[in-house]
Structures are given as C-alpha cells and as structure tokens.
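Enquirer: Attaching a predicted model along with its sequence, questions to come.
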Amino acid sequence: AVVLGGPEVAQEALKQPFNHVCYVGGTRVGKLVMQAAAEHFAPVTLELGGKNPVIIDKSADLADAAKKLAFQRTLMAGQVCLAPDYVLVPTAQRDEFVAALGKSMTEMYDPSGAGTKASADFPRIINANHTRRIIGLMEDAKKKGAKVAYGGEVNEAERYIAPTILVDVNNEMDIAFEETFGPIMSVMTYDDRSQVIDEVAKRPKALGLYIFAQDREAIDYYLNNTRSGSVAVNNAVTQ
C-alpha cells in the first residue's frame, strides 16, 4: 500500500508494528525514526546523506570531472542525498577546475544568456525553511572568508538559489560540516594527498565518495584510506 502525507502521517506509520522500516532523508529525522522503530524492535535501514566528498587527483581529467559534477551537484537543485557536496582539488589546479565547472553550469542552464533563473531545467528549493537554511550557510561562509567564484544569486521569496561555486572554504565555516542539500559546491584545496585523507576523516562517514583520477595507484590509495557508504570512480550520483 502507498500512503501519502507529511510528518503527521509518517509519525502514525511509525507507531505500527512493521517488521522493517526504511528511511531516506536527514540525520535529525533519522534518529527519530530509529527511536520509534525501537519500540517494536523493528530493524531499520537509514540512508542519511551527508557531506559527500569529491577527490580530484592531480591525474584527473578536469574537463570530464567538471562536466559531470556540474550536473550532479545541481540535479534537483542539489536536493539529492548522494549529491557531491564539497571538492578537494590540488591547489595548482583549482582555478582551472573552477572555471571548467562554471562553464559547464552555464552551458546546461544559461546557454542563451537569459540567466539561470529563466531556465526550464533548473528547479527551486522544496520549501521556505530550507531556502533560508541554505542562504544562511552561504552567508556564514562569505563572512568567514569564502568567495563566490560563480553564481551566488538568490531570491528567497521564489525559493531560488542559483548554481553556485564557493572557493576558499575552510573548517571555520558551517558549510564545511553541515550537509548543504542545495546547489552550492564548496571547493577546498590540498598540496599533499595525505591532507585529503585527513580532511575526509574529520567528517562522519559519507553516503557517497567520488574519486576523479587516471592514475590507478592514486585511486587505490584513496579507496584504501577512506570509508563511505558507496564509492564511484570518475563519476558521481549515478553509481
């Protein structure tokens, strides 16, 4: 049976003695689902999203990575549990990657120059609360030193947030640790690949982790030194 409804319907459903409960969504509600299921000793499957990292190795095909990630970050305006959330890119390749990422976003949503807001293919944020939350994350990051390298336009009343690339993101910012669940790609840099492993380990295990590299030894290094729900190499979201 399929039952439609909002939080009230979900709460009533969780009072029933189901044999198994599956939930896809955020961590806060996931904890509530697990608590409710425990009343009936029902096992649970929780798919909770998170800060899904993208590792750009120095051997990566930057144009290929940028084209794929531009789509996968902005799919459903970033409201996808498996969406890539932040990118770790070599310092020397950051500007080239960011330029390619922005170029791909423009080609997808603003090829005529009319503006992304006019695109029939770019959706809006699901509700006002999430719109304010995402804008708040971006404003906090900008106050703490992040720069908008692409996009950045918002219209809270219309629940519109443009595809956006933030650079100079650091761990003092809320967006560095909170799942964005919106069309903002945070870009961080590294000089040694051991820094990548350290950075990923600072966050809870991600639902998805994405590696872009042509060097097989580098791919194995990242696979062997990280943990995540799933991994894709030279792709994301569609694994």
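Expert: Done, it's in.

Enquirer: Tell me where this protein has strands.
Expert: Applying DSSP state E to the chain gives strands spanning 21-24, 44-47, 53-56, 86-90, 147-150, 154-155, 160-161, 164-167, 184-190, 206-212, 228-233.

Enquirer: Please identify which of those strands is closest to residue 73.
Expert: Shortest distance between residue 73 and the strands of the chain, using Cβ to Cβ, is found for strand 184-190: 4.8 Å. Glycine gets a C-beta too; all of them are placed from N, C-alpha and C.

Enquirer: so what secondary structure elements neighbour that closest one?
Expert: The contact analysis (3 or more Cβ pairs under 8 Å, 6 or more residues apart in numbering; DSSP states H and E) places strand 184-190 against helix 62-74, strand 86-90, helix 94-109, helix 128-143, strand 164-167, helix 193-201.

Enquirer: buried ones in the fourth one?
Expert: When you say that, I think you mean helix 128-143. Neighbour counts using 16 or more other Cβ atoms under 10 Å place 130, 131, 133, 134, 135, 137, 138, 140, 141, 142 of helix 128-143 among the buried residues.

Enquirer: Quick check, residue 200 in contact with residue 53.
Expert: Yes: assessed by Cβ atoms under 8 Å, residue 200 is found in contact with residue 53 at 5.2 Å.

Enquirer: how near is the residue nearest to the spatial centre of the chain to residue 35?
Expert: Taking Cα atoms, centre = their mean, the centroid of the chain lies closest to residue 85, which sits 2.7 Å from it. Remark: distance between residue 85 and residue 35 (Cβ to Cβ, to the nearest Å) = 26 Å.

Enquirer: circling back: between residue 200 and residue 53, which contacts overlap?
Expert: Residues touching both residue 200 and residue 53 by Cβ atoms under 8 Å, 6 or more residues apart in numbering: 88, 206, 209.

Enquirer: now the residues you listed in CSV, with pLDDT?
Expert: Shown next, in CSV, are the shared contacts of residue 200 and residue 53 (pLDDT from 0 to 100):
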residue, pLDDT
88, 98
206, 92
209, 97
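
Enquirer: I'd like these as TSV, with distance to residue 25 appended.
Expert: Listed next are those as TSV, based on distance: Cβ to Cβ, whole Å:
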residue	distance to residue 25
88	26
206	16
209	20
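
Enquirer: In contact with residue 169, which residues?
Expert: Counting by Cβ under 8 Å, 6+ apart, residue 169 touches 86, 141, 146, 175, 176, 186, 187, 188.

Enquirer: and of these, the nearest to residue 43?
Expert: residue 86 (31.8 Å).

Enquirer: residues near the closest one, how many?
Expert: By the criterion of other Cβ atoms under 10 Å, residue 86 has 24 neighbours.

Enquirer: and it, bridged to which residues?
Expert: residue 53, residue 186 (DSSP bridges).

Enquirer: Report the separation between residue 56 and residue 4.
Expert: With distances taken as Cβ to Cβ, residue 56 is found 41 Å from residue 4.
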